[in-house]
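Asker: model this:
(one chain, ligands or ions: 1)
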Amino acid sequence: MTATATDAQATTGTIVLGENQYGKAEVRVMKVDRDQARHRITELSVTSQLRGDFTAAHIDGDQGRVVPTDTQKNTVFALAKDGIPSPEEFALRLGEHFVSSFDWIEGGRWEAKEYTWEHIPSSLTANVSDGEHDHAFVKGGTETRTTVVQREGEEVFVVSGLEDLKVLKSTGSEFHGFPKDRFTTLQETTDRILATSVTARWRYTTLDIDFNAVYDDVRRILLETFADVHSLALQQTLYQMGKRVLEAHPEIGEIKFSMPNLHHFVVDFEPFGLENPNEVFYVADRPYGKIEAEVKREGADQEPRAWATVTGFC
Ligand SMILES: O=c1[nH]c(=O)c2[nH]c(=O)[nH]c2[nH]1
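Answerer: Below is the predicted model:
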(Lines give C-alpha, C1' and ligand atoms only; values in the text may rest on other atoms or scores of the structure.)
Protein backbone atom coordinates (compact mmCIF):
# COMPACT_ATOMS: atom_id res chain seq x y z
CA MET A 1 0.00 0.00 0.00
CA THR A 2 1.26 3.51 -0.74
CA ALA A 3 0.44 6.74 1.09
CA THR A 4 -1.88 9.02 -0.88
CA ALA A 5 -1.85 12.79 -1.24
CA THR A 6 -4.83 12.94 1.15
CA ASP A 7 -2.87 10.98 3.79
CA ALA A 8 0.02 13.42 3.43
CA GLN A 9 -2.36 16.38 3.78
CA ALA A 10 -3.92 14.80 6.88
CA THR A 11 -0.55 14.65 8.61
CA THR A 12 -0.10 18.44 8.35
CA GLY A 13 -3.29 19.42 10.25
CA THR A 14 -3.74 20.25 13.92
CA ILE A 15 -2.58 17.49 16.23
CA VAL A 16 -4.98 16.49 18.99
CA LEU A 17 -5.19 13.78 21.63
CA GLY A 18 -7.23 10.73 20.68
CA GLU A 19 -8.83 8.06 22.85
CA ASN A 20 -6.94 7.24 26.00
CA GLN A 21 -7.15 5.29 29.22
CA TYR A 22 -4.60 4.66 31.94
CA GLY A 23 -4.11 2.66 35.09
CA LYS A 24 -2.21 -0.18 36.75
CA ALA A 25 -1.78 -3.49 34.96
CA GLU A 26 -1.66 -6.98 36.42
CA VAL A 27 -2.09 -6.27 40.10
CA ARG A 28 -1.73 -9.71 41.66
CA VAL A 29 -3.90 -10.02 44.74
CA MET A 30 -4.79 -12.99 46.90
CA LYS A 31 -7.72 -12.90 49.28
CA VAL A 32 -7.86 -15.50 52.05
CA ASP A 33 -11.26 -16.06 53.61
CA ARG A 34 -10.21 -17.41 57.00
CA ASP A 35 -13.34 -16.94 59.09
CA GLN A 36 -13.69 -20.74 59.14
CA ALA A 37 -11.13 -23.50 59.70
CA ARG A 38 -11.48 -24.42 56.03
CA HIS A 39 -9.95 -21.47 54.23
CA ARG A 40 -10.96 -20.24 50.78
CA ILE A 41 -8.39 -18.49 48.61
CA THR A 42 -8.98 -16.34 45.55
CA GLU A 43 -6.10 -15.14 43.38
CA LEU A 44 -6.68 -12.47 40.77
CA SER A 45 -4.57 -10.48 38.36
CA VAL A 46 -6.39 -7.16 38.00
CA THR A 47 -5.86 -4.39 35.46
CA SER A 48 -7.60 -1.11 36.28
CA GLN A 49 -7.81 1.71 33.73
CA LEU A 50 -9.68 4.99 34.00
CA ARG A 51 -11.33 6.99 31.24
CA GLY A 52 -12.42 10.60 31.15
CA ASP A 53 -11.02 13.93 29.97
CA PHE A 54 -7.31 13.67 30.68
CA THR A 55 -6.29 16.20 28.03
CA ALA A 56 -4.49 18.44 30.53
CA ALA A 57 -2.32 15.56 31.71
CA HIS A 58 -1.26 14.70 28.17
CA ILE A 59 -0.91 18.23 26.76
CA ASP A 60 0.23 20.30 29.75
CA GLY A 61 1.60 17.73 32.17
CA ASP A 62 -1.09 18.78 34.65
CA GLN A 63 -1.77 15.95 37.13
CA GLY A 64 -4.83 17.61 38.70
CA ARG A 65 -7.14 14.88 37.43
CA VAL A 66 -4.73 11.97 37.38
CA VAL A 67 -5.70 9.48 40.06
CA PRO A 68 -2.29 7.78 40.27
CA THR A 69 -1.92 4.28 38.96
CA ASP A 70 -0.40 3.59 42.38
CA THR A 71 -3.69 4.59 44.02
CA GLN A 72 -5.56 2.34 41.61
CA LYS A 73 -3.30 -0.53 42.69
CA ASN A 74 -3.92 0.22 46.37
CA THR A 75 -7.67 0.38 45.73
CA VAL A 76 -7.56 -3.16 44.34
CA PHE A 77 -6.05 -4.37 47.63
CA ALA A 78 -8.36 -2.26 49.79
CA LEU A 79 -11.53 -3.48 48.05
CA ALA A 80 -10.28 -7.09 48.21
CA LYS A 81 -10.51 -6.84 52.00
CA ASP A 82 -14.31 -6.83 51.63
CA GLY A 83 -14.16 -10.08 49.65
CA ILE A 84 -14.02 -11.28 46.05
CA PRO A 85 -17.30 -13.13 45.52
CA SER A 86 -16.56 -13.42 41.79
CA PRO A 87 -14.15 -11.67 39.37
CA GLU A 88 -17.15 -9.94 37.78
CA GLU A 89 -18.52 -8.54 41.04
CA PHE A 90 -15.06 -7.40 42.08
CA ALA A 91 -14.44 -5.61 38.76
CA LEU A 92 -17.91 -4.05 38.90
CA ARG A 93 -17.19 -2.74 42.41
CA LEU A 94 -13.91 -1.21 41.26
CA GLY A 95 -15.77 0.59 38.47
CA GLU A 96 -18.44 1.84 40.83
CA HIS A 97 -15.78 3.01 43.29
CA PHE A 98 -13.82 5.12 40.81
CA VAL A 99 -16.82 6.58 38.96
CA SER A 100 -18.56 7.57 42.20
CA SER A 101 -15.41 8.86 43.96
CA PHE A 102 -14.07 11.26 41.30
CA ASP A 103 -16.60 13.30 39.33
CA TRP A 104 -14.33 13.68 36.24
CA ILE A 105 -13.90 9.94 35.85
CA GLU A 106 -16.50 8.96 33.29
CA GLY A 107 -15.76 5.28 33.07
CA GLY A 108 -13.01 2.81 32.57
CA ARG A 109 -11.96 -0.75 32.05
CA TRP A 110 -11.39 -3.32 34.74
CA GLU A 111 -10.04 -6.70 33.74
CA ALA A 112 -9.60 -9.61 36.14
CA LYS A 113 -8.06 -13.03 35.60
CA GLU A 114 -8.64 -15.67 38.22
CA TYR A 115 -6.20 -18.52 38.81
CA THR A 116 -7.63 -21.72 40.22
CA TRP A 117 -6.45 -23.24 43.48
CA GLU A 118 -7.79 -26.47 44.95
CA HIS A 119 -7.53 -27.90 48.44
CA ILE A 120 -4.86 -30.61 48.58
CA PRO A 121 -6.41 -34.06 48.97
CA SER A 122 -5.16 -35.75 52.14
CA SER A 123 -5.52 -39.14 53.81
CA LEU A 124 -4.27 -37.68 57.11
CA THR A 125 -6.51 -36.21 59.77
CA ALA A 126 -4.85 -33.04 61.09
CA ASN A 127 -6.45 -29.94 59.56
CA VAL A 128 -8.33 -32.13 57.10
CA SER A 129 -12.05 -32.09 56.34
CA ASP A 130 -13.82 -34.23 53.73
CA GLY A 131 -10.47 -35.69 52.63
CA GLU A 132 -8.97 -32.32 51.82
CA HIS A 133 -6.52 -30.15 53.71
CA ASP A 134 -8.15 -27.01 55.12
CA HIS A 135 -5.44 -24.52 54.26
CA ALA A 136 -2.98 -26.18 51.85
CA PHE A 137 -3.65 -25.79 48.14
CA VAL A 138 -2.50 -27.12 44.78
CA LYS A 139 -2.77 -25.10 41.59
CA GLY A 140 -5.87 -26.20 39.69
CA GLY A 141 -6.33 -26.70 35.96
CA THR A 142 -4.28 -24.79 33.43
CA GLU A 143 -7.13 -22.51 32.55
CA THR A 144 -7.69 -18.97 33.72
CA ARG A 145 -11.09 -17.41 34.28
CA THR A 146 -11.35 -13.90 32.79
CA THR A 147 -13.59 -10.88 32.87
CA VAL A 148 -13.45 -7.42 31.28
CA VAL A 149 -15.82 -4.88 32.80
CA GLN A 150 -16.18 -1.56 31.01
CA ARG A 151 -18.20 1.40 32.11
CA GLU A 152 -19.39 4.51 30.29
CA GLY A 153 -21.21 6.61 32.86
CA GLU A 154 -24.08 4.39 34.01
CA GLU A 155 -23.70 1.93 31.12
CA VAL A 156 -21.83 -1.22 32.08
CA PHE A 157 -20.52 -3.97 29.78
CA VAL A 158 -19.29 -7.34 31.00
CA VAL A 159 -17.40 -9.80 28.80
CA SER A 160 -16.30 -12.90 30.68
CA GLY A 161 -14.57 -16.06 29.65
CA LEU A 162 -11.71 -18.44 30.06
CA GLU A 163 -8.26 -18.91 28.57
CA ASP A 164 -6.10 -21.98 28.02
CA LEU A 165 -8.65 -24.68 28.76
CA LYS A 166 -6.66 -27.60 27.32
CA VAL A 167 -8.70 -30.50 25.97
CA LEU A 168 -7.93 -33.54 23.83
CA LYS A 169 -9.86 -36.40 22.24
CA SER A 170 -7.89 -39.49 21.30
CA THR A 171 -10.52 -40.49 18.72
CA GLY A 172 -13.89 -39.23 17.48
CA SER A 173 -12.36 -36.71 15.09
CA GLU A 174 -12.13 -36.78 11.30
CA PHE A 175 -10.90 -34.37 8.65
CA HIS A 176 -11.49 -35.00 4.95
CA GLY A 177 -13.19 -33.63 1.87
CA PHE A 178 -10.95 -30.58 1.70
CA PRO A 179 -9.79 -29.10 -1.64
CA LYS A 180 -6.40 -30.26 -2.90
CA ASP A 181 -3.88 -28.47 -5.05
CA ARG A 182 -0.24 -29.09 -5.95
CA PHE A 183 0.88 -27.92 -2.50
CA THR A 184 -1.41 -30.28 -0.58
CA THR A 185 0.33 -33.02 1.39
CA LEU A 186 -2.20 -33.47 4.22
CA GLN A 187 -3.75 -36.94 4.19
CA GLU A 188 -7.47 -37.36 4.70
CA THR A 189 -8.31 -39.04 7.99
CA THR A 190 -11.35 -40.59 9.66
CA ASP A 191 -9.58 -41.01 12.99
CA ARG A 192 -7.21 -38.48 14.47
CA ILE A 193 -6.39 -36.80 17.75
CA LEU A 194 -8.23 -33.52 18.26
CA ALA A 195 -6.57 -31.20 20.75
CA THR A 196 -6.99 -27.53 21.52
CA SER A 197 -6.57 -24.91 24.18
CA VAL A 198 -9.85 -23.06 24.36
CA THR A 199 -10.01 -19.31 24.76
CA ALA A 200 -13.64 -18.20 24.91
CA ARG A 201 -15.30 -14.94 25.84
CA TRP A 202 -18.97 -14.24 26.13
CA ARG A 203 -20.98 -11.06 26.72
CA TYR A 204 -23.55 -10.86 29.49
CA THR A 205 -26.73 -8.98 28.59
CA THR A 206 -27.70 -8.58 32.26
CA LEU A 207 -25.81 -8.14 35.52
CA ASP A 208 -28.58 -9.72 37.56
CA ILE A 209 -27.09 -13.22 37.62
CA ASP A 210 -24.96 -15.51 39.75
CA PHE A 211 -21.66 -15.06 37.87
CA ASN A 212 -20.01 -18.07 39.52
CA ALA A 213 -22.89 -20.42 38.75
CA VAL A 214 -23.10 -19.29 35.11
CA TYR A 215 -19.33 -19.58 34.68
CA ASP A 216 -19.32 -23.12 36.08
CA ASP A 217 -22.16 -24.13 33.79
CA VAL A 218 -20.63 -22.59 30.65
CA ARG A 219 -17.37 -24.37 31.41
CA ARG A 220 -19.28 -27.63 31.90
CA ILE A 221 -21.10 -27.20 28.57
CA LEU A 222 -17.85 -26.39 26.73
CA LEU A 223 -16.16 -29.52 28.07
CA GLU A 224 -19.17 -31.79 27.61
CA THR A 225 -19.73 -30.60 24.05
CA PHE A 226 -16.08 -30.98 23.08
CA ALA A 227 -16.24 -34.55 24.37
CA ASP A 228 -19.65 -35.35 22.91
CA VAL A 229 -19.45 -34.01 19.35
CA HIS A 230 -18.08 -36.46 16.80
CA SER A 231 -15.94 -33.91 15.06
CA LEU A 232 -15.60 -33.47 11.30
CA ALA A 233 -13.43 -30.38 11.90
CA LEU A 234 -12.45 -28.20 14.82
CA GLN A 235 -14.67 -25.51 13.25
CA GLN A 236 -17.71 -27.78 13.66
CA THR A 237 -16.84 -28.57 17.28
CA LEU A 238 -16.35 -24.87 18.02
CA TYR A 239 -19.74 -23.97 16.56
CA GLN A 240 -21.52 -26.68 18.56
CA MET A 241 -19.80 -25.52 21.76
CA GLY A 242 -21.04 -21.98 21.20
CA LYS A 243 -24.52 -23.05 20.11
CA ARG A 244 -25.08 -25.16 23.22
CA VAL A 245 -23.89 -22.35 25.49
CA LEU A 246 -26.28 -19.85 23.90
CA GLU A 247 -29.18 -22.32 23.99
CA ALA A 248 -28.67 -22.91 27.72
CA HIS A 249 -27.95 -19.31 28.73
CA PRO A 250 -30.30 -16.57 27.52
CA GLU A 251 -28.31 -14.05 29.59
CA ILE A 252 -25.39 -14.45 27.16
CA GLY A 253 -25.62 -12.35 23.99
CA GLU A 254 -22.84 -13.90 21.95
CA ILE A 255 -19.70 -15.98 22.45
CA LYS A 256 -16.36 -15.84 20.66
CA PHE A 257 -13.67 -18.50 20.47
CA SER A 258 -10.03 -18.70 19.60
CA MET A 259 -9.02 -22.36 19.40
CA PRO A 260 -5.63 -23.56 18.16
CA ASN A 261 -5.64 -26.91 16.41
CA LEU A 262 -2.77 -28.56 18.32
CA HIS A 263 -1.48 -31.12 15.87
CA HIS A 264 -0.57 -34.67 16.86
CA PHE A 265 0.98 -36.46 13.89
CA VAL A 266 1.07 -40.24 13.60
CA VAL A 267 4.73 -41.31 13.61
CA ASP A 268 5.63 -43.24 10.47
CA PHE A 269 6.78 -46.68 11.68
CA GLU A 270 7.06 -48.13 8.17
CA PRO A 271 10.87 -47.65 8.05
CA PHE A 272 11.02 -49.76 11.25
CA GLY A 273 8.81 -52.50 9.79
CA LEU A 274 6.22 -51.76 12.50
CA GLU A 275 2.55 -50.81 12.43
CA ASN A 276 1.23 -47.66 14.08
CA PRO A 277 -2.57 -47.83 14.28
CA ASN A 278 -2.93 -44.37 15.90
CA GLU A 279 -0.89 -45.28 18.97
CA VAL A 280 2.28 -43.21 18.81
CA PHE A 281 2.13 -39.53 17.90
CA TYR A 282 4.56 -36.72 17.39
CA VAL A 283 3.24 -33.75 19.39
CA ALA A 284 3.92 -30.69 17.27
CA ASP A 285 4.50 -27.48 19.14
CA ARG A 286 4.13 -25.16 16.15
CA PRO A 287 2.86 -24.22 13.71
CA TYR A 288 -0.71 -24.84 14.82
CA GLY A 289 -4.04 -24.25 13.15
CA LYS A 290 -5.80 -21.14 14.41
CA ILE A 291 -9.56 -21.48 14.37
CA GLU A 292 -11.59 -18.47 15.47
CA ALA A 293 -15.30 -17.72 15.27
CA GLU A 294 -18.19 -15.97 16.93
CA VAL A 295 -21.49 -17.72 17.60
CA LYS A 296 -24.38 -15.30 17.97
CA ARG A 297 -28.14 -14.89 17.98
CA GLU A 298 -29.59 -13.94 14.60
CA GLY A 299 -31.02 -10.43 14.59
CA ALA A 300 -29.97 -9.70 18.19
CA ASP A 301 -28.58 -6.29 19.17
CA GLN A 302 -24.80 -6.04 18.94
CA GLU A 303 -22.72 -4.13 21.49
CA PRO A 304 -19.34 -3.35 19.89
CA ARG A 305 -18.33 -1.20 22.90
CA ALA A 306 -18.24 -4.33 25.07
CA TRP A 307 -15.67 -5.92 22.74
CA ALA A 308 -13.75 -2.80 21.73
CA THR A 309 -10.74 -3.35 24.00
CA VAL A 310 -10.62 -7.13 23.87
CA THR A 311 -7.34 -7.79 22.10
CA GLY A 312 -7.05 -10.31 19.30
CA PHE A 313 -10.12 -12.14 18.06
CA CYS A 314 -11.30 -12.69 21.62
O1 LIG B 1 -10.17 -29.25 12.05
C2 LIG B 1 -9.42 -28.82 11.16
N3 LIG B 1 -9.76 -27.67 10.50
C4 LIG B 1 -8.97 -27.14 9.51
O5 LIG B 1 -9.32 -26.08 8.93
C6 LIG B 1 -7.79 -27.82 9.19
N7 LIG B 1 -6.79 -27.57 8.29
C8 LIG B 1 -5.87 -28.56 8.44
O9 LIG B 1 -4.78 -28.63 7.80
N10 LIG B 1 -6.27 -29.44 9.41
C11 LIG B 1 -7.45 -29.00 9.88
N12 LIG B 1 -8.28 -29.48 10.85
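Asker: for the stretch 51-200 of the chain, what spans make up the strands?
Answerer: 105-121, 128-129, 132-152, 155-169, 194-204 (DSSP state E, counting those that start in this stretch).
Asker: partner strands of the fourth one, parallel or antiparallel?
Answerer: Applying DSSP bridges to the sheet, strand 155-169 is found paired with strand 132-152 (antiparallel), strand 194-204 (antiparallel).
Asker: For the ligand, find the nearest of these.
Answerer: strand 194-204 (7.3 Å; C-beta to the nearest ligand atom). The C-beta positions use only the backbone N, C-alpha and C, and glycine is treated the same way.
Asker: Tell me if the closest one is near the ligand.
Answerer: No - applying C-beta under 6 Å from any ligand atom, one finds strand 194-204 separated from the ligand by no less than 7.3 Å.
Asker: need the residues of the stretch 51-200 of the chain near the ligand, please.
Answerer: So far as C-beta under 6 Å from any ligand atom goes, the stretch 51-200 of the chain lies against the ligand at Phe175, Leu186.
Asker: who are the neighbours in contact with Trp202?
Answerer: By C-beta atoms under 8 Å, 6 or more residues apart in numbering, the contact set of Trp202 is Val159, Ser160, Gly161, Val218, Val245, Ile252, Gly253, Glu254, Ile255, Lys256.
Asker: coming back round to it: now the strands paired with strand 155-169 in TSV, please, with extra columns for mean pLDDT and distance to Thr237.
Answerer: Compiled in TSV, the strands paired with strand 155-169 are given as follows (pLDDT from 0 to 100; distance: least, C-beta to C-beta, whole Å):
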stretch	mean pLDDT	distance to Thr237
strand 132-152	94	17
strand 194-204	97	7
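Asker: Return the most buried member of those.
Answerer: Mean neighbour count, computed with mean count of other C-beta atoms under 10 Å, is highest for strand 194-204 among the strands paired with strand 155-169, reaching a mean of 23.
Asker: just how off-centre is that one within its chain?
Answerer: In terms of C-alpha atoms, centre = their mean, to the nearest Å, the centre of strand 194-204 is found 7 Å from the chain centre.
Asker: immediately after that strand, which helix or strand?
Answerer: Once strand 194-204 ends, the next helix or strand along the chain (criterion: DSSP states H and E) is helix 211-228.
Asker: contacts for the one helix or strand Arg244 maps to?
Answerer: Using DSSP H and E, Arg244 falls within helix 234-248. Contacting residues not belonging to helix 234-248 are listed as 194, 196, 198, 200, 202, 217-218, 221-222, 224-226, 229, 231, 252, 254-255, 257, 259, 261, 289, 291, 293-297 [C-beta under 8 Å, 6+ apart].
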